[in-house]
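Asks: What follows is a predicted structure for the sequence shown.
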Amino acid sequence: MAENDKWVWFSDEDPVAGLFTPAQAESGLNLFDDIKPEAEKTPAGPGLSEAIQLHRDGKSEEALAALEGVLKAGKESKVEANSAIGNIRFSLSRYDEAAESYLAAAAVEPGHKTAHYNAGVCLERAGRYEQAAGAFRKALEADASRHEARYGLGVCLLRLKEPGEAAQVFDHCVREKQDIEGEFGKAVALHLLGKFDQAETLYRKLLPKAPDSVELLANMVSIGVAKKDRNLLTEFSEKLLKVQPDSAVALQGLASSAFATNDYEAALKHCQKLVDAAPDSFEGWFNLGVALQATGRLDRAAEAYQRAVGIRAEGVAFANLGLVQQQQNDLSAAARSYERALQLTQDLAGPMWNLALLAERSGDLEQAENLYNRITAKHAGWEEAWFRLGYLRLQRSDYRGGADAFDQCLKRRAQWPDARLNLGLAHWRMGDLEAARKDFEEALKLQPKAVDAVRALAAFAIEREDYEKAFDLQTQLIDLGERSAEVFYNTGLLLQKSGMHEDAVKYYKEALNEKPNIAEALLNMGHALKAMGHESEARSCWRKALEANPELAATYFSN
């Protein structure tokens, strides 16, 4: 009966899995408040006195009808009639119509000193900022000293997201007249330009003149957010709350300060007050969801995110909702939320990552790999995505693709044992044994107790018939706690090849304790026992080997 000289290598060929890191939520604040110039009334001509009196008596619609009659009759100045109509419409907050009246007056008299300005005021109130800026420019052409028109132009430029030009306009305002409005406008322009220190200096200069200004205090809160200055943020949020107890800006500021120090209970309290005061605030519900999620109140967190997306569909809110649903183990709902997040924001990495992990978990490896490809294409620095991509490529035997992905991992984190180990596995399967050996050795240097690296190096030693090295590595595996039947069997076989039959028998017995009736172990233990002179025990082992695997054992019997 011949020995079984075949090595049994039961190593786990699956690549090492990476860790799941949930996406973190962040909340943003936009605290810029409106700056609103005042309209100037146009003086009425003497023929319009009846209509003006009707307006003063509270009969505005009758006054407008009378003025329309005056215009049709053509008996009075069209400039004054249109200006009067504009004044009444302005007082009724019908800003678009008022603007038409003032522009009609300006069309009759292009150099009129108030018509363009008043049209600009109405257009600004109506949100037509580009047209309003044009009207204010024409007002300045008619009267370059009109401070209010320059200020209105600056406001419109801020609204049009042109803070650079707005800063120049407000500089001019400040030189003309040292008033709080012009300095405030300049501060806001600097704020929007990201010049936070300069803006803060101007805001602080203005605060003694208007210590209860909601706009000033709110923008100081915004500066605190931008500079990540918790003390500044807390100080001015509290001051703002004293002036305006239900201020959304102040409550957001205090919540932001609490989030910055991971004081989620305090953040929850402030966010709850915010949604109580402003139930239609997307930011309030979103931040409340973050606080509830962080404190483990998952059911309420899901409700808060649902309220947020009901107010405004935002990808990040759906992403956080999906994460809560995933934490609740409602995986189908989580997947739907992640998909909705990606519909709204295609390149949002967090939902792609989490959706890919869910796809892996459900066995849809093709979808998972597609998502990891999308992540690495848009977020090349996401090393965990490269790792998972390499893992899936190895699973479908794309060893070259797997090697490329793990190369990308190691470019971003050179000392990453799992990535180095999987790169070695890819090289091994590609037939590049020398590269694989170097990878496994490097993995073992990085992580001396890496069982998979030791097992792989032991396999290399066996293939090279370096039995002494292989035995050392097999012993190392056992010392690391590996007590599998395969490890004990291979160690026994190494000892038997070295003529150490008694020790080989001990390891074969250990293998059989872990996994009874291994035909190869029984067969070879019989040969070791025979070499030791224990014929009866040897025949007993061969008989058991034949019973365990007749086909395998029968091949070793000779006639």
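Replies: Noted; the coordinates are in hand. Computed from a predicted model, the values in this text were never measured in an experiment.

Asks: switch to C-alpha atoms for all contacts and neighbour counts from now on
Replies: OK.

Asks: give me the low-pLDDT residue ranges for the stretch 51-200 of the chain?
Replies: Scanning the stretch 51-200 of the chain for pLDDT under 70 picks out the ranges 74-76.

Asks: can you give me the helices for it?
Replies: For the stretch 51-200 of the chain, the helices defined by DSSP state H, counting those that start in this stretch cover 60-73, 78-91, 95-108, 115-125, 129-142, 147-159, 163-176, 180-192, 196-206.

Asks: can you redo those as JSON lines with mean neighbour count?
Replies: What follows is the helices of the stretch 51-200 of the chain, written out as JSON lines (neighbours: other CA atoms under 10 Å):
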{"stretch": "helix 60-73", "mean neighbour count": "17"}
{"stretch": "helix 78-91", "mean neighbour count": "25"}
{"stretch": "helix 95-108", "mean neighbour count": "22"}
{"stretch": "helix 115-125", "mean neighbour count": "30"}
{"stretch": "helix 129-142", "mean neighbour count": "22"}
{"stretch": "helix 147-159", "mean neighbour count": "25"}
{"stretch": "helix 163-176", "mean neighbour count": "19"}
{"stretch": "helix 180-192", "mean neighbour count": "24"}
{"stretch": "helix 196-206", "mean neighbour count": "18"}
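
Asks: what would the ones you listed look like in CSV with distance to Ala334?
Replies: Putting the helices of the stretch 51-200 of the chain into CSV (distance: least, CA to CA, whole Å) gives the following:
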stretch, distance to Ala334
helix 60-73, 57
helix 78-91, 51
helix 95-108, 46
helix 115-125, 43
helix 129-142, 42
helix 147-159, 38
helix 163-176, 41
helix 180-192, 37
helix 196-206, 40
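
Asks: Select, out of the ones you listed, the one closest to Arg483.
Replies: helix 196-206 (63.3 Å; CA to CA).

Asks: quick one: low-confidence parts of this structure?
Replies: Using pLDDT under 70, the chain drops low at 1-48, 74-76, 552-559.

Asks: ok, 50 please
Replies: 1-46, 553, 558-559 (pLDDT under 50).

Asks: how close does Leu207 sit to Val487?
Replies: 77 Å (CA to CA, to the nearest Å).

Asks: And for Lys449?
Replies: Taking CA to CA as the measure, Lys449 falls 16 Å from Val487.

Asks: Show me which of Leu207 and Val487 is the more surrounded one.
Replies: More neighbours surround Val487 than the other of Leu207 and Val487, with 24 against 15 (other CA atoms under 10 Å).

Asks: For the more buried one, list the residues it contacts.
Replies: By CA atoms under 8 Å, 6 or more residues apart in numbering, the residues touching Val487 are 474, 477-478, 511.

Asks: List the buried residues in the helix or strand where it lies.
Replies: Secondary-structure assignment from DSSP states H and E places Val487 in helix 485-497. The neighbour-count check on helix 485-497 (16 or more other CA atoms under 10 Å) flags 485-496 as buried.

Asks: Whatever helix or strand comes next after that helix - contacts with which helices or strands?
Replies: Once helix 485-497 ends, the next helix or strand along the chain (criterion: DSSP H and E) is helix 501-514. Under the contact criterion of 3 or more CA pairs under 8 Å, 6 or more residues apart in numbering; DSSP states H and E, helix 501-514 touches helix 485-497, helix 519-531.

Asks: how about JSON lines for those helices, with distance to Ala107 added?
Replies: Below are those laid out as JSON lines (distance: least, CA to CA, whole Å):
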{"stretch": "helix 485-497", "distance to Ala107": "97"}
{"stretch": "helix 519-531", "distance to Ala107": "105"}
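
Asks: Can you check which of the ones you listed gets nearest to Trp428?
Replies: helix 485-497 (20.1 Å).

Asks: just the angle between that closest one and helix 519-531, please?
Replies: Between helix 485-497 and helix 519-531, the angle comes out at 30 degrees (axes from the mean of the first three to the mean of the last three CA atoms, to 10 degrees).

Asks: Next, count neighbours for Ala470.
Replies: Counted by other CA under 10 Å, the residues lying close to Ala470 total 24.

Asks: Now that it has come up, it's in contact with Ile462, right?
Replies: Yes - at 5.8 Å, Ala470 counts as touching Ile462 under the criterion of CA atoms under 8 Å.

Asks: For Ile518, which non-adjacent residue is spatially closest?
Replies: Leaving aside its sequence neighbours, Ile518 sits nearest to Leu512 (CA to CA, 6 or more residues apart in numbering; 6.5 Å).

Asks: go on, Gly402?
Replies: Gly402 sits nearest to Gly390 (CA to CA, 6+ apart), 4.2 Å away.

Asks: where does the one you found fall, phi/psi-wise?
Replies: phi -60, psi -40 (degrees, to the nearest 10).

Asks: quick revisit: how far does the helix holding Val487 sit from its chain's centre?
Replies: Mean-position distance between helix 485-497 and its chain equals 51 Å (CA atoms, centre = their mean, to the nearest Å).

Asks: by how many degrees do it and helix 501-514 diverge?
Replies: Going by the same axes, to 10 degrees, helix 485-497 makes 170 degrees with helix 501-514.

Asks: got the CA positions of helix 485-497 in CSV?
Replies: Once non-C-alpha atoms are left out, helix 485-497 reads as follows in CSV (Å, rounded to 0.1, in the frame of the first residue of the first chain):
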residue,chain,number,x,y,z
ALA,A,485,-7.9,19.5,10.2
GLU,A,486,-6.0,20.7,7.1
VAL,A,487,-3.3,22.5,9.1
PHE,A,488,-2.7,19.4,11.3
TYR,A,489,-2.7,17.1,8.3
ASN,A,490,-0.2,19.1,6.3
THR,A,491,2.0,19.4,9.4
GLY,A,492,1.9,15.7,9.9
LEU,A,493,2.8,15.1,6.2
LEU,A,494,5.8,17.4,6.5
LEU,A,495,7.0,15.5,9.6
GLN,A,496,6.5,12.2,7.9
LYS,A,497,8.5,13.3,4.9
